[in-house]
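Enquirer: model this:
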Amino acid sequence: PLLSVVRLFTMIKICFLYLFFLFFLYSCTTEFDQNKVTDKFFFKNNNVKKEVLPDDNSLNSDYAAVLNENTKIINDTIKVILPSKNRYKYLSLSFLNSLEMAIHDFNNEKLVYDIIFYENDTELDNIFQTNSKQGQVFIGPLTSEDTSIIKKYCDKNILIFSFASNRNIAGECVYLFNFFIEDDLRAIFNFFDINSKVALSYPDNNYNNYINSIIKDFANTSDATFLYSLSYDENLENIRDVIRQLGKYDYRKTELERQKKLLLEKNDEISLASLKKLEKFETIGDLDFNNLIISDGNLRILEIAPLLPFYDIDPNHVRFVGTGLWDERSFFDEPSLQRAIFPGIEETKRKKFINNYVELYKIPPPRTATIIYDLAALLNFILTRYETVNEIRNFLKENNNFNGLDGKFLIKNNIIQREFSILQIENNDAKIIQ
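Expert: Next comes the predicted model:
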């Protein structure tokens, strides 16, 4: 009898444990269902990825296609593809310097950067042919021409973050990081008011002809009135003639001479007093515009700017407006550019970066060096949160806002879109006025 009692208690204990096990299993299953993420085929729990199969434990063709698309795990080794040709060597090296600083600052040991240089189109194509495996992330190439060559590898389900300037290349797996003139024009025309009458002067090249072709689109959505544009040779051979034409210098000078002659013929006290005042002027009459956009930079602007007041386009009456190309400290002490404006971000935003760069590499960084730093920051953010190509693509479609060394930006239609302030040059500096 005693043995029977023991056996009875043992059976009760086993039943109790079995019921407890069923309850525990049910609880775990319920917890699993509640913690599934948007991706219905996976959930994340302590960084462990688990696969959810259909009840019949078989995959139909539609399910298999979606599962395949969502299981392409991002490679933690980022391939950085840059040209080593002499023409681009300085920019490539400065980008690598900035990337090195970003890697140090973010200190993410999970991400590895594999630097690969190429000399020509064949080498570039071979690099992508060899490395374009599912989930691979690329930084580069540098130019539009090179990016056009490797876009065909998008069907490998990779991600390419290029520095190309041709917006038409963006799409599929290609995302463009650069400074785009559209962001400059948007900031400029948002700043202009209803009294702004605008003219454009630009060097005759592909880039600026493109600007001339789109500027009216931005003017039409603003309060300003866009009047006309004039181009000049890149070598500045005809720049004086263009400025004379822009300011109607010959007509206004002729008009001044006519006015002086009329006053002289009257020969009365009031007329002679007016004549004396006119002797101080080179021309007479107002210009058609009160804002002149000069889409040029580098050393050319330092040659052009002094010629404008020389031909009576007075900066006291006409506001000179630049683009992001004016964001160079060497322009800020030019007398004829004082009180001129341009779109950009105050240098204080990236001052620490500049100081650290100079301390490390003993030379100042080019203005574009911040582009790859901000891109590395974005990738550091994305790749620590998302693990599939689709997750990243969907995230980048959501117009999320970021704040980098070059200010606020978002990704729109696979292209970086920046939010610039308006800076004014004064006393060897450039400060925000809007």
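Enquirer: run through the chain and note the low-pLDDT ranges.
Expert: The chain contains residues with pLDDT under 70 at 1-72, 249-285.
Enquirer: hey, where'd the helices end up in it?
Expert: With helices called from DSSP state H, the chain shows them at 2-34, 61-70, 86-106, 121-131, 144-150, 181-191, 206-219, 239-246, 249-266, 269-278, 300-310, 351-361, 370-383, 389-396.
Enquirer: and the fourth one, what's buried?
Expert: Neighbour-count burial for helix 121-131, with 16 or more other Cβ atoms under 10 Å as criterion, is recorded at 124-125, 127-128, 131. Yep, even glycine has a C-beta here, placed from its N, CA and C like the rest.
Enquirer: which single one of those is nearest to His317?
Expert: Taking Cβ to Cβ as the measure, His317 lies nearest Leu124 of the buried residues of helix 121-131, at 51.4 Å.
Enquirer: name the nearest residue to the closest one, ignoring sequence neighbours.
Expert: Leaving aside its chain neighbours, Leu124 sits nearest to Tyr118 (4.5 Å; criterion: Cβ to Cβ, 6 or more residues apart in numbering).
Enquirer: give the contact list for the one you found.
Expert: Residues counted as contacts of Tyr118 (Cβ atoms under 8 Å, 6 or more residues apart in numbering) are 81-84, 124, 127, 141.
Enquirer: relative to His104, which of those residues is nearest.
Expert: The closest of these, once distances to His104 are taken by Cβ to Cβ, is Leu82, at 18.9 Å.
Enquirer: what about the closest residue to the closest one other than its chain neighbours, neighbour count?
Expert: Counting by Cβ to Cβ, 6+ apart, Leu82 lies nearest to Ser92, which is 4.2 Å off, once chain neighbours are set aside. When neighbours are counted by other Cβ atoms under 10 Å, Ser92 registers 20.
Enquirer: cool, and Asn355?
Expert: 11.
Enquirer: residues in contact with Ile81?
Expert: 116, 118, 124, 127-128, 138-141 are the contacts of Ile81 under Cβ under 8 Å, 6+ apart.
Enquirer: could I get the residues you listed as a markdown table with distance to Asn355?
Expert: Below are the contacts of Ile81 laid out as a markdown table (distance: Cβ to Cβ, whole Å):
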| residue | distance to Asn355 |
| --- | --- |
| Ile116 | 30 |
| Tyr118 | 32 |
| Leu124 | 35 |
| Ile127 | 35 |
| Phe128 | 37 |
| Phe138 | 30 |
| Ile139 | 25 |
| Gly140 | 27 |
| Pro141 | 30 |
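Enquirer: from those residues, which is closest to Leu375?
Expert: Ile139 (6.6 Å).
Enquirer: ok, that closest one touching Ile372?
Expert: Yes. Assessed by Cβ atoms under 8 Å, Ile139 is found in contact with Ile372 at 7.1 Å.
Enquirer: which of the buried residues of helix 121-131 lies closest to Ile103?
Expert: After measuring these against Ile103 - Cβ to Cβ - the closest member comes out as Asn131, at 19.6 Å.
Enquirer: which residues touch the closest one?
Expert: Going by Cβ under 8 Å, 6+ apart, Asn131 touches 79, 116, 138.
Enquirer: now, which of those lie within strands?
Expert: Among those, the members falling in strands are 79, 116, 138 (criterion: DSSP state E).
Enquirer: hey, what's the first one bridged with?
Expert: If I follow you right, that is Lys79. Beta-bridge partners for Lys79, by DSSP bridges, are Asp114, Phe138.
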